[in-house]
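Visitor: Dropping a prediction and its sequence here:
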Amino acid sequence: MVGQRAKLAQLERLARLKAERELKKFAAFSEHMTVAQRHVDSLQTALRQCYDNSAPLSVPEARMANAQSARSARELSRAKAELERIKPRFEKMRDQAAREFGRAEVLLQLAETARKTLHRF
């Protein structure tokens, strides 16, 4: 029983290390995802500001405003596409980190149960 308890403790330590590694990877990718989302938000704000201008414009000013709003719309479209492209990977990494963390917790519970069972005898 002592050997099994030691094996469970060793497995729990290994699982904890792997979970920490996965959580660090997820945290880094989550930061990347947050930056991408902030970029999309800022582009949406810039585009909204282009259309919210209610001051009368001359023809050259209207052309410039139109060109700027078109550029902002294209950039927003690219940023949204990039966000959608990385979202599946983000979700996969989140699931993997949660799975590894859960595995470590289960092994910890098993080790504690084994320890309690041994102390009863």
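Guide: Ah, there it is. Quick caveat: nothing in here was measured; it's all calculated off a predicted structure.
Visitor: which ones are touching the residue nearest to Arg89 when sequence neighbours are not counted?
Guide: In space, Arg89 comes closest to Phe29 once its chain neighbours are excluded; the distance is 7.2 Å by C-beta to C-beta, 6 or more residues apart in numbering. (Glycine included, C-beta is placed from N, CA and C.) Phe29 sits next to 89-90, 93 when contact means C-beta atoms under 8 Å, 6 or more residues apart in numbering.
Visitor: Buried subset of these, written for PyMOL?
Guide: Of the contacts of Phe29, the buried ones go into a single PyMOL selection, burial set by 16 or more other C-beta atoms under 10 Å:
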select buried, resi 90+93
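Visitor: could you dump the contacts of Phe29 to TSV with secondary structure?
Guide: Compiled in TSV, the contacts of Phe29 are given as follows (DSSP: H, G, I helix; E, B strand; the rest coil):
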residue	secondary structure
Arg89	helix
Phe90	helix
Met93	helix
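Visitor: coming back round to it: give me the mean pLDDT for the helix or strand where the residue nearest to Arg89 lies.
Guide: Under the criterion of DSSP states H and E, Phe29 resides in helix 2-52. What helix 2-52 shows for mean pLDDT is 90.
Visitor: How much space separates the residue lying closest to Ala15 once chain neighbours are set aside from Arg38?
Guide: What sits nearest to Ala15 in space, not counting adjacent residues and going by C-beta to C-beta, 6+ apart, is Ala104, at 3.9 Å. As judged by C-beta to C-beta, to the nearest Å, Ala104 and Arg38 stand 32 Å apart.
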